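# below are the sequence and a predicted model; questions follow.
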Amino acid sequence: MNFHTPLSGEDSARYAALVVQGTAITRHAELLEWLQGDIQLCLPHDILLAGWGNFQEGVIQHDVVSRLPGARSYAAGTDSLPFLIGKFYDCWLAAGRQPCRLDFNEFEYLLGQASLPGSFSSSLRGMRSVLIHGLHDTRAQQECVYVLMCANDIPFEPARTAIRMLMPSMDAALRQMAPLPQQRRQAALPLRGAAEDASGLSERETQIMAWVAMGKTNSEIGAILNISGFTVKNHMQRIFQKLNVFNRAQAVSKVTRVGVYG
């Protein structure tokens, strides 16, 4: 069977070599070395964000691959990263699940005002271009989104072809790596099922409290979970009643003591 490709023979050989290199990746350090090698010729970037899970429920795991200071998967300032990745996911859906390029200035407001030098937020503030693509994992029934961020402009036409060619290899490489301890913890959260946890909170209420603990407002939590801020407020009132507390700080303190988050 003959397969037709718009790539030149030289480009085809380059992609084939990159794909072969990707099959040997088993550690984060190897993935970083691969991404900082010849891939930079067709997909220039400073940060790779990977997010996967149930975006509709706001249950998202993430990974960060970069050489920049502070740009680590669970460094200080990454608490709101699932929310940011969710916004990128929405942009990918709006583009018809096709590769899309954006100006990061549109999203910088999500980082807040304060960012210490060398922190994750500080690293993100230096970004200019964002290239997004994703895939639907039919067997696991989850979505995966990959976000390439660059301090310079990402040339869209060659990058669009490159990310279509190389994203399956990125995805396979990330799946071959052992999960970080924080990822194991996150993965355990949805497994509580519909039954109430040790504090008497439902699965939805537990999700909301996780975002409350990160300092999110009712409107921000509503945007993350695709529900209204008013609905979040009603959930919070029930949470206060179940926990026998009077404010958000008391609720966070109580669920932390009883180990709601694992």
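Arrived safely.

# break this protein down into its domains, please.
According to automatic domain parsing, the chain comprises the domains 9-178, 193-257.

# least reliable of those going by mean pLDDT?
Looking at the domains of the chain, the lowest mean pLDDT belongs to domain 193-257 (a mean of 81).

# now the domains of the chain in JSON lines, with mean neighbour count?
C-betas here are computed from N, CA, C, even on glycine. Formatted as JSON lines, those follow (neighbours: other C-beta atoms under 10 Å):
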{"stretch": "domain 9-178", "mean neighbour count": "17"}
{"stretch": "domain 193-257", "mean neighbour count": "16"}
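
# residue boundaries of the strands in this structure?
47-54, 59-66, 100-103, 129-137, 142-150 (DSSP state E).

# and the contacts of the last one?
Think strand 142-150. 43-55, 85, 88-89, 92, 104, 124, 127-137, 154, 159, 163, 167, 170-171 (C-beta atoms under 8 Å, 6 or more residues apart in numbering).

# if you set the cut-off to 6 Å instead, what comes out?
44-53, 55, 88-89, 92, 127, 129-137, 167 (C-beta atoms under 6 Å, 6 or more residues apart in numbering).

# okay, now the sheet partners of it, with direction.
The strands beside strand 142-150 in its sheet (DSSP bridges) come out as strand 47-54 (antiparallel), strand 129-137 (antiparallel).

# so how far is Asp38 from Val19?
Using C-beta to C-beta, to the nearest Å, Val19 is found at 11 Å from Asp38.

# once you drop chain neighbours, what's closest to Val130?
Leu102 (4.4 Å; C-beta to C-beta, 6 or more residues apart in numbering).

# measure Ala210 to Arg238 for me?
Ala210 sits 16 Å away from Arg238, taking C-beta to C-beta as the criterion.

# my error: substitute Val64 in the last question.
For Val64, the distance to Arg238 - C-beta to C-beta - is 35 Å.

# Asn152 now?
49 Å.

# check Pro6 and give its pLDDT.
Here the pLDDT value assigned to Pro6 is 65.

# for Asp38, which non-adjacent residue is closest in space?
Using C-beta to C-beta, 6+ apart and skipping the chain neighbours, the partner closest in space to Asp38 is Leu18 (6.2 Å).

# oops, could you answer that again for Leu174 instead?
Excluding the flanking residues, the one nearest Leu174 by C-beta to C-beta, 6+ apart is Ala50, at 5.8 Å.

# quickly list what the one you found is bridged to.
Bridge pairing for Ala50 - DSSP bridges - gives Asp63, Tyr146.

# ok, it - contacts?
So Ala50 contacts 63, 146, 174 (C-beta under 6 Å, 6+ apart).

# what is the nearest of these to Gly96?
Using C-beta to C-beta, Tyr146 is the member of the contacts of Ala50 that sits closest to Gly96, with 16.4 Å.

# please report how far that closest one lies from Gln36.
Relative to Gln36, Tyr146 is positioned 16 Å away (C-beta to C-beta).

# for Glu157, same thing?
In this structure, Glu157 and Gln36 are 23 Å apart, going by C-beta to C-beta.

# dead centre of the protein: give me the residue that sits there.
Gly51 (3.1 Å; C-alpha atoms, centre = their mean).

# hang on, isn't it packed against His62?
Yes. Gly51 is within contact range of His62, at 4.8 Å (criterion: C-beta atoms under 6 Å).

# mutual contacts of these two, please.
Residues touching both Gly51 and His62 (C-beta under 6 Å, 6+ apart): Ile85.

# how about Arg238, nearest residue that isn't a chain neighbour?
Glu205 (6.9 Å).

# let me know whether the one you found touches Ile239 as I believe.
Yes. Contact status for Glu205 versus Ile239: in contact at 5.3 Å, counting by C-beta under 6 Å.
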